[in-house]
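Trainee: Compute the structure for the input listed below.
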Amino acid sequence: MKCVLLIALLSISMCLAAPADEVQIVKQESQVLADGYNFSYETSDGSKQEQQATLKKLGPEEDALQVSGSYTYVGDDGQTYTVTYTANENGFQPQGAHIPHV
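Mentor: Residues are numbered from 1 along each chain as shown. Sure thing, here's the model as predicted:
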């Protein structure tokens, strides 16, 4: 009983000592399917991410996930940046206005 009380008091004190600007999750959704998944979340600092994946048959005995999504964040310069991407058998392919084109 003393151990439980001590843990509870420590937890409360840690919560009270947490910084006021701590980032919180304000929205979160996810779904796992037999042939893929999807998820999204948004945080109190304006960051967001969403991702979808489906299973693709590459050959008779070879499957791979085909992933697409995007994430948005506020940079140190105060600007909001968004990256969209796909990831598949050709690798990770990000796109964004701030990413140099090769």
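
Trainee: What ranges in the chain fall below the confidence cut-off?
Mentor: Scanning the chain for pLDDT under 70 picks out 1-20, 102.

Trainee: Quick one: the helices in it, in order.
Mentor: With DSSP state H, the ranges of helices along the chain come out as 2-17.

Trainee: all strands for it, in order.
Mentor: Along the chain, the segments classed as strands by DSSP state E run 25-33, 36-43, 48-59, 62-74, 80-88, 91-95.

Trainee: what's the second one packed up against?
Mentor: In terms of contact count using 3 or more CB pairs under 8 Å, 6 or more residues apart in numbering; DSSP states H and E, strand 36-43 is assigned the packing partners strand 25-33, strand 48-59. In this view, the C-beta of every residue, glycine as well, is placed from N, C-alpha and C.

Trainee: ok, the first one: who's next to it in the sheet?
Mentor: So that's strand 25-33. Within its sheet, strand 25-33 is paired with strand 36-43 (antiparallel), according to DSSP bridges.

Trainee: export the strands of the chain to a markdown table and tack on distance to His101?
Mentor: As requested, the strands of the chain are exported to a markdown table (distance: least, CB to CB, whole Å):
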| stretch | distance to His101 |
| --- | --- |
| strand 25-33 | 32 |
| strand 36-43 | 27 |
| strand 48-59 | 23 |
| strand 62-74 | 18 |
| strand 80-88 | 13 |
| strand 91-95 | 9 |
